[in-house]
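Take this sequence and fold it.
(one chain, ligands or ions: 3)
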Amino acid sequence: MENIIRIAVQKSGRLSEDSLSLIKECGIKFYNGTGKLKSTSTNFPIEFLFLRDDDIPGYVADGVADLGIVGENELVEKNKEVNTLKKLGFSKCRLSLAIPKGQDYPGLSFFDGKSIATSYPKILGDFLKSKNLQAEIHEISGSVEIAPSIGLAEAICDIVSSGSTLMMNGLKEVEQIFKSEAVLISNKNLSPEKLSIVDKLLFRMNAVQTGKSNKYVLLNAPNHSLDKIISLIPGMRSPTILPLAQEGWSSVHSVLSEEQFWENIEGLRAAGAEGILVVPIEKMVV
Ligand SMILES: Nc1ncnc2c1ncn2[C@@H]1O[C@H](COP(=O)(O)OP(=O)(O)OP(=O)(O)O)[C@@H](O)[C@H]1O
Ligand SMILES: O=P(O)(O)OC[C@H]1O[C@H](OP(=O)(O)OP(=O)(O)O)[C@H](O)[C@@H]1O
Ligand SMILES: [Mg+2]
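Numbering: from 1, shown residues only. Ligands and ions are numbered 1, 2, ... in the order given. You can find the predicted model right below:
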């Protein structure tokens, strides 16, 4: 079917919730009851396939799905020919080398001649090669952190986020070899009809992302400091200035990134701004 796109998302796991929230925030409605592996939106030409994340790059490369949401770690590991359309800013983690807590770590030479358990043999293999290290890679599909304690390997290479899984298993992180976040990928040969639907989806995703990274700021300021305040929070085109009922004061409305807000808050207060409100933005089209 040409007038509908198929997107592959993780069925259940670390990517699922944020992937589905993003799609819902784009105003796309669908049903995803437990156990249902396929679903069609009721208000956007998109069909969902709920899959294991390992299979998503391959399905998108083969054209079974037109789009997919997957971690960069899985994408690079599977080494499939797809386009990466967008970083999505969630499921941020890293792939790291870790060793038993009590071991001395002299640097990367530690791994020469050692055995390393991992679910990411390609990324690890490429890293070892780039450092001219010879190590034996033991590929296992999960619970990698257990490997050293059961004598399967002397070190591991696995996903780390907070580091608590490593700590609970008596390991310490010694090298970060890859940084990852969720990305939107697409098949390389989409028809013009499908590309036009993908463009509409990207437009919505950009509006959601831009909205999230910006804030709507309202404050009261004495009129004599308006020039200073406008220079600190210039906004999209320029701030809105409305007179307050009290003579000599104005309300200033502007849009700025959260970082800009924190960078400028002292300056705003020093210029006499008060009653400062910071409001989240749901969608923003620039
Ligand atoms: N602790 C974490 N914090 C943040 N992101 C993570 C974390 N663990 C994994 N991820 C990211 O989420 C992706 C999916 O992780 P998950 O643990 O759900 O995978 P899985 O167990 O292989 O799932 P599946 O059953 O779909 O194969 C990973 O490939 C990685 O990109
Ligand atoms: O540094 P941390 O915050 O502890 O996160 C890292 C852990 O998270 C992931 O597993 P997950 O909990 O998703 O379970 P899984 O083994 O089922 O993939 C990953 O495989 C690590 O084991
Ligand atoms: Mg998986």
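
residues near Q260, how many?
Neighbourhood size, Q260 [other Cβ atoms under 10 Å]: 17. Where C-beta positions appear, they are placed from N, C-alpha and C, glycine not excepted.

and it, that one's in a strand?
No - going by DSSP: H, G, I helix; E, B strand; the rest coil, the assignment for Q260 is helix, not a strand.

Report the separation between the nearest residue to it once chain neighbours are set aside and K283.
In space, and not counting its chain neighbours, Q260 is closest to I233: 7.5 Å by Cβ to Cβ, 6 or more residues apart in numbering. I233 is 21 Å from K283, where distance means Cβ to Cβ, to the nearest Å.

between these two, which one's more packed in?
I233 (21 against 15).

residues in contact with that one?
The neighbours of I233, taking Cβ atoms under 8 Å, 6 or more residues apart in numbering as the test, are V217, P239, V252, S254, L256, Q260, N264, L268.

Report how many residues lie close to the first one.
A count of nearby residues for V217, using other Cβ under 10 Å, gives 23.

looking at this, it is in a strand?
Yes - the assignment for V217 by three-state DSSP puts it in a strand.

Which residue or residues pair with it through a beta bridge?
Beta bridges link V217 to S254, V278, judged by DSSP bridges.

wait, doesn't it sit right on L256?
Yes - using Cβ atoms under 8 Å, V217 makes contact with L256 at a distance of 6.1 Å.

if we look at the longest helix along the chain, which residues are touching it?
Secondary structure of the chain read by DSSP state H shows that its longest helix is helix 192-213. By Cβ under 8 Å, 6+ apart, the residues outside helix 192-213 that reach it are 2-5, 22, 25-28, 44-46, 66-67, 85-86, 88-89, 184, 186, 190, 257-258, 280-286.

Can you give me the buried ones in stretch 216-224?
Buried residues in stretch 216-224, defined by neighbour count with 16 or more other Cβ atoms under 10 Å: Y216, V217, L218, L219, N220, A221, P222.

of the residues you listed, closest to ligand 1?
Top of the list for closeness to ligand 1, among the buried residues of stretch 216-224 and by Cβ to the nearest ligand atom, is Y216 at 29.4 Å.

tell me the contacts of that closest one?
Counting by Cβ under 8 Å, 6+ apart, the residues that Y216 touches are H253, S254, V255, V278, V279, P280, I281.

Mind checking which of those residues are buried?
Buried among the contacts of Y216 by 16+ other Cβ under 10 Å: H253, S254, V255.

Return the member of the residues you listed nearest to ligand 2.
Using Cβ to the nearest ligand atom, V255 is the member of these that lies nearest ligand 2, at 33.8 Å.

circling back: let's see which of the contacts of helix 192-213 end up in strands.
I5, I46, L67, L85, K86, L184, S186, S257, P280 (DSSP state E).

Give me the buried entries from those residues.
For these, buried by 16+ other Cβ under 10 Å: I5, I46, L67, K86, L184, S186.
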